[in-house]
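Peer 1: Got a sequence here, can you model it:
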Amino acid sequence: MKDNFIINIGRQLGSGGRQIGQLLAKRLDIAFYDKELITLASKQSGLAKEVFEKADEKKRFSLTGGWLGLKTSVLDEDFSNNYLWNEMLFKIQSDVIQDLAREKSCIFVGRCADYILRDHPHALNVFISAEEGDRVKRVMDYYELTEKKALELIGKTDKKRAGYYNYYSNKQWGAAESYHLCINSSVLGIEATTGFIESFLHEFTTCR
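Peer 2: Sure, this is the predicted structure:
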């Protein structure tokens, strides 16, 4: 772990964050993990991959904390079971992320990896945003949606990501103080933004 470095990427939907992460991984010749973590968590736990996929798709957290915005004092039995189940799945994914970070340098996208690896000495935390027009176009092209549907998906997905991140990390998703670097990919474009983060990583690891 001593010489390993990690890049944790948070991103708005349509910002190009995943693409930037993949380009960085290729340039740096390191592993890249996003949805791949679901497969690894499934193998490690013995639980079906579909269990993690379902939880990944259906978790709903409020922006102020709590699953569905409810507090533990008002949990009924079914809610409590769901809560404990989701906590267990988060713990399994967290263990996978920590194990990978100990083994090698790599890039993680989402899943509160920056919080999970908060004690890692060489973990760079980045948040990638973009102008609305660029985001809408990417989402329209990728999912083959109308502009209206793309905007709806962006709003829904960003809200879900914020709620999930804020709940588990007790930080604010997308807020500058939650990351080492926040960057708007619309300013430089995907390629140049990737290069900028790579240069920033070099300075970051040098001064650590």
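Peer 1: Surely residue 13 forms part of a helix?
Peer 2: No. Using DSSP: H, G, I helix; E, B strand; the rest coil, the assignment for residue 13 is coil, not a helix.
Peer 1: what residues does stretch 138-154 touch?
Peer 2: 12-16, 130, 132, 135-136 (Cβ atoms under 8 Å, 6 or more residues apart in numbering). Where C-beta positions appear, they are placed from N, C-alpha and C, glycine not excepted.
Peer 1: What average pLDDT does the host helix or strand of residue 157 get?
Peer 2: Taking DSSP states H and E as the criterion, residue 157 maps to helix 147-169. Average pLDDT, helix 147-169: 94.
Peer 1: For residue 155, the count of nearby residues, please.
Peer 2: 11 (other Cβ atoms under 10 Å).
Peer 1: and the gap between it and residue 149?
Peer 2: 11 Å (Cβ to Cβ, to the nearest Å).
Peer 1: which intervals of this structure have sub-threshold pLDDT?
Peer 2: 1-2, 51-85, 208 (pLDDT under 70).
Peer 1: Let's see that with 50 instead.
Peer 2: 1, 57-58, 60-80 (pLDDT under 50).
Peer 1: Can you show me the helices along it?
Peer 2: 17-28, 36-45, 49-58, 77-103, 113-116, 132-143, 147-169, 185-188, 190-206 (DSSP state H).
Peer 1: Out of those helices, the one nearest residue 124 is which?
Peer 2: Nearest of those to residue 124, taken as Cβ to Cβ: helix 190-206 at 5.2 Å.
Peer 1: hmm, back to that, highest average neighbour count across the helices of the chain?
Peer 2: helix 113-116 (a mean of 24; mean count of other Cβ atoms under 10 Å).
Peer 1: who's in contact with that one?
Peer 2: Contacts of helix 113-116 (Cβ under 8 Å, 6+ apart): 6, 8, 10, 94, 97-98, 123, 125, 165, 168-169, 171, 178-179.
Peer 1: roughly how far is it from the heart of the chain?
Peer 2: Centroid displacement of helix 113-116 relative to its chain, using Cα atoms, centre = their mean, to the nearest Å, is 9 Å.
Peer 1: before we move on, what about stretch 150-166?
Peer 2: 12 Å.
Peer 1: Against residue 205, how distant is the most centrally placed residue in the chain?
Peer 2: With distances taken as Cα atoms, centre = their mean, residue 110 lies nearest the centre of the chain, 0.7 Å away. Distance, residue 110 to residue 205, using Cβ to Cβ: 22 Å.
Peer 1: next one: residue 124
Peer 2: Residue 124 is 8 Å from residue 205, by Cβ to Cβ.
Peer 1: Identify the contacts common to these two.
Peer 2: residue 5.
Peer 1: got the contact list for residue 188?
Peer 2: residue 196.
Peer 1: you'd agree residue 198 is up against residue 29?
Peer 2: No. The pair residue 198 / residue 29 is not scored as a contact, 11.8 Å apart, by Cβ atoms under 8 Å.
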